[in-house]
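Colleague: Test case, fold it:
(chains A and B)
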Amino acid sequence: MSRFACVWVDDFTAAAAARCEPALRAGPLAVLGLAAPVPRVLDANAAAREASVRPGMTETEARARCPALVTRPWAEARVTSGRHALLEAASSVSPRIEDWAPGVVHVDAAGLARLVGDPAVVGRRLLNRARAVGFAARVALADSRTTARLVAASARAAVTVVPPGRAREALAGAPLAVLGLDADLAATLARWGVATLGELAALPRDGLGTRLGPAGLRAYDLALGRDHDPFVPWAPPPFWEEAQGLDWELDSLTALSAVLEVVLGRLCARLAAAHLAADALEVTLELARGGHHALGVALATPLSEPAPMLTLVTLALEARPPGAPVTRVAARARPVAVCAGQAGLWQPPAPPQRELAAVLARLAALAGPGNVGAARVEDSHRPDAHALVPFAPPEDGILGERVACQDPPPAPAEGAPRLALRRVRPPRRVDVETDGEQPARADGRRVVARAGPWRGSGEWWDTGVWARDEWDAALGDGTLCRLAHDRRTGEWYLDGVYD
Amino acid sequence: MVVPGTITEIVGRLSSGRTSLLVACLGEVTGRGAVAALVDADGALDPASAARAGVDLARLLWVRCGGRRDVALRAADLLVRCQGFALVGLDLGETATPLSHAAAFRLRFAVERTASALVVVGRGRVTGPAASLVVETVRDRLEWAGPGPVPTRLAHVRAHARVLRARAARGAGAAPLGFCA
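Modeller: Prediction:
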């Protein structure tokens, strides 16, 4: 027979703050969110709630209601460490526990009777373990996790044991609010006069399903203490770090790379064994003069192979070298689960993500980060309006968006390729002699043939106003170029050369 | 013209159609869904005209080298060693100092291993005997168009490509080229 316990900590965010500062337990405490523009209460402890402080209030409102209120800003690290502490406390009683929510832990209590004692003793032990890590919890034991959780949420006693087969009776008096239903459903049930789980469980299930749909059926099952979701066991997160202490000092990047290769190799082997990949790396170098040189390397794609990782770390170290010889090397990975991609049968092969990331990083180091990417034609009539965006070729077989030019020329002859223009950036000013408005000589070279003008202007509504005439001109030396006459300044520019 | 695992050189004078030929190759490769790269020594690519020529810009990695030829060569060396680029274009512009044989054959061995096609565009030959195919573009004539007697538009550039070197069974010869403006 299955038995479950639930360890419940009220107002967990506030409890986690009080765990770090035990003196705060004595008085009203509220945790404030950092969202701009006005800090709002995220959570409050029991003393603050007694003074009518509620989540969502502004700090001013909360202080007006409770002048003695002490506030602390939200800190994720505090909540995370508290959550882990509670889970570890529960896992010291039973090896099978489930992390349901912050401050809510399900414990599989089947078989603990012979090891620990009767259910009340199990409950007290869980209570003591939670207290030992700084949390005042409530514990309930029942046949199902849902029953144990709902009883723990609504009970007043520190330890509540629901006898086998008595879940319905144990939940009957609990208020409907413990189910955490969405606002519409809770309002509907309130209009029906349903205020407790017992009243909800007394309704006909089929009728509830017809009127409220799956959400109503789920609420009904919860009111009876039935589990819907499978038990997801929690395991302590592994420590994804590898380090190497050195008996000698490393003062060159080449020597450091050799050590990093070993460290990253070990780390990658562990990741590969767990079918994981690293999403980001943190490299910490202990310096001979004392102190550390920490380096974060964001990987463009999850990697589990040491070679591209080493390349990226080496490039990052080249950009930010340590200021002193190194005596210890440590690498920590942020692991992520990766799914294998499926290539198309008729799709041409694309560069593997891991290699592409390394090559792009190398190219950025070589040519400058602003010079590597994919070109994107801007939606503008301004000549040479384009941007360089990060290179990320589409993975499917659908071709990327083709950009239509704003002044489409006549359709080319069948199969005839287009003439390409070699841009001169920035456009070079040229001395042009004109015959009427037509260019006759450009930079001393005779214009033997010309076509134009192609008149354009734009952005007259802004500071970047432009107006110009473009001419295609064949020069005497054989060059075929595009000349532009700026109508605002009267200057002539060489825009590009057809090639 | 673009054969995987080989080096092709397109040489010719300015305005002879050599860049248009490279852009046409890029358009052909990206048009069938493959990924290509262009190492642009002078940063002279016009994305709008490339898009009009059929290049899928999302599949084209553009590396601008700001006139630094050594950077362009190193970037091309990196790219031809990366699997998955069907074509790597190296546009050296008007600078065409030949590479040493060692450097040229280093590129050739790299493209042979990764099955990329390297197309080098420049004023003259650069990779010497490492190139499998060398073509020279020569402009023949210009065709202008317009509604009246005075042309208002450049319509066509007629050119031809002359094979200077072909390592495979291709015979030396010339092929006509035509580019729409």
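
Colleague: quick one, strands of chain B?
Modeller: For chain B, applying DSSP state E gives strands covering B:7-12, B:35-40, B:60-64, B:85-91, B:117-122, B:133-145, B:153-166, B:174-180.

Colleague: possible to save those strands as JSON lines with distance to A:Asn128?
Modeller: All C-beta atoms are positioned from the backbone trio N, CA, C, and that covers glycine. Formatted as JSON lines, the strands of chain B follow (distance: least, C-beta to C-beta, whole Å):
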{"stretch": "strand B:7-12", "distance to A:Asn128": "76"}
{"stretch": "strand B:35-40", "distance to A:Asn128": "62"}
{"stretch": "strand B:60-64", "distance to A:Asn128": "62"}
{"stretch": "strand B:85-91", "distance to A:Asn128": "63"}
{"stretch": "strand B:117-122", "distance to A:Asn128": "72"}
{"stretch": "strand B:133-145", "distance to A:Asn128": "82"}
{"stretch": "strand B:153-166", "distance to A:Asn128": "86"}
{"stretch": "strand B:174-180", "distance to A:Asn128": "85"}
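
Colleague: how far away is the spatially most central residue of chain B from A:Ala64?
Modeller: Nearest to the mean C-alpha position of chain B, counting by C-alpha atoms, centre = their mean, stands B:Leu22 at 3.2 Å. Going from B:Leu22 to A:Ala64 by C-beta to C-beta, to the nearest Å gives 72 Å.

Colleague: Kindly report the same for A:Pro73.
Modeller: 20 Å.

Colleague: Using the record's assignment, carve chain A into domains.
Modeller: The record's domain parsing of chain A by automatic domain parsing lists A:4-161, A:241-337, A:421-498.

Colleague: out of the strands of chain B, which comes closest to A:His292?
Modeller: strand B:60-64 (35.6 Å; C-beta to C-beta).

Colleague: can you list contacts of that closest one?
Modeller: A:360, A:363, A:367, A:371-375, A:388, A:391, B:26, B:30, B:35-40, B:43, B:45, B:47, B:50, B:72, B:75, B:79, B:85 (C-beta atoms under 8 Å, 6 or more residues apart in numbering or on different chains).

Colleague: switch to 7 Å and redo it
Modeller: With C-beta atoms under 7 Å, 6 or more residues apart in numbering or on different chains as the test, strand B:60-64 has contacts from A:363, A:367, A:371-375, A:388, A:391, B:26, B:30, B:36-40, B:43, B:45, B:75.

Colleague: ok, A:Phe391 touching A:Gly373?
Modeller: Yes. Between A:Phe391 and A:Gly373 there is a contact at 5.1 Å, judged by C-beta atoms under 7 Å.

Colleague: give the contact list for A:Gly111.
Modeller: By C-beta under 7 Å, 6+ apart, A:Gly111 has no neighbours at all.

Colleague: Give the buried residues for the lowest-mean-pLDDT helix or strand in chain B.
Modeller: Within chain B, no helix or strand scores below strand B:174-180, which has a mean of 72 by mean pLDDT, DSSP states H and E. Neighbour counts over strand B:174-180 (16 or more other C-beta atoms under 10 Å in any protein chain shown) mark B:Leu177, B:Gly178, B:Phe179, B:Cys180 as buried.

Colleague: So which of the residues you listed reach chain A?
Modeller: With C-beta under 7 Å from any C-beta of the partner chain as the criterion, those include B:Gly178, B:Phe179, B:Cys180 near chain A.

Colleague: Could you report the separation of the first one from A:Val105?
Modeller: Put plainly, it is B:Gly178. From B:Gly178 to A:Val105 the distance is 75 Å (C-beta to C-beta).

Colleague: The second one now?
Modeller: With distances taken as C-beta to C-beta, B:Phe179 is found 72 Å from A:Val105.

Colleague: which residue ranges form the helices in the stretch 351-499 of chain A?
Modeller: A:353-367 (DSSP state H, counting those that start in this stretch).

Colleague: Enumerate the strands of it by residue range, in sequence order.
Modeller: Using DSSP state E, counting those that start in this stretch, the strands of the stretch 351-499 of chain A run over A:372-377, A:386-389, A:421-430, A:432-435, A:438-442, A:445-458, A:466-475, A:480-486, A:492-498.

Colleague: Also the stretch 201-350 of chain A?
Modeller: Applying DSSP E, counting those that start in this stretch to the stretch 201-350 of chain A gives strands spanning A:241-250, A:276-287, A:292-303, A:326-337.

Colleague: What about the closest residue to A:Arg320 other than its chain neighbours, how many residues nearby?
Modeller: Excluding the flanking residues, the one nearest A:Arg320 by C-beta to C-beta, 6 or more residues apart in numbering or on different chains is A:Leu295, at 6.3 Å. A:Leu295 has 18 neighbouring residues, counting by other C-beta atoms under 10 Å in any protein chain shown.

Colleague: repeat for A:Val432
Modeller: Around A:Val432 there are 20 residues (other C-beta under 10 Å).

Colleague: what's the closest residue to A:Ala330 other than its chain neighbours in contact with, if anything?
Modeller: Once flanking residues are discounted, A:Ala330 sits nearest to A:Ala243: 3.7 Å by C-beta to C-beta, 6+ apart. By C-beta under 7 Å, 6+ apart, the contact set of A:Ala243 is A:Val263, A:Arg328, A:Val329, A:Ala330.

Colleague: Now the two most distant members of the residues you listed.
Modeller: The largest separation in the contacts of A:Ala243, counting by C-beta to C-beta, is between A:Val263 and A:Arg328 at 10.2 Å.

Colleague: shared neighbours of these two, anything?
Modeller: Common neighbours of A:Val263 and A:Arg328 (C-beta under 7 Å, 6+ apart) are A:Ala243, A:Gln244.

Colleague: For the two, indicate the residue with more neighbours.
Modeller: Set side by side, A:Val263 and A:Arg328 show more neighbours around A:Val263, with 20 against 16, by other C-beta under 10 Å.

Colleague: Hmm, that one is touching A:Gly245, no?
Modeller: No. Using C-beta under 7 Å, A:Val263 is not in contact with A:Gly245; the gap is 10.8 Å.

Colleague: which residues in the stretch 51-200 of chain A form strands?
Modeller: Under DSSP E, counting those that start in this stretch, the stretch 51-200 of chain A gives strands at A:70-73, A:97-101, A:104-108, A:138-142, A:159-161.

Colleague: Generate JSON lines for those strands, with mean pLDDT and mean neighbour count as supplementary columns.
Modeller: Below are those laid out as JSON lines (pLDDT from 0 to 100; neighbours: other C-beta atoms under 10 Å in any protein chain shown):
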{"stretch": "strand A:70-73", "mean pLDDT": "90", "mean neighbour count": "17"}
{"stretch": "strand A:97-101", "mean pLDDT": "94", "mean neighbour count": "18"}
{"stretch": "strand A:104-108", "mean pLDDT": "95", "mean neighbour count": "24"}
{"stretch": "strand A:138-142", "mean pLDDT": "95", "mean neighbour count": "28"}
{"stretch": "strand A:159-161", "mean pLDDT": "94", "mean neighbour count": "21"}
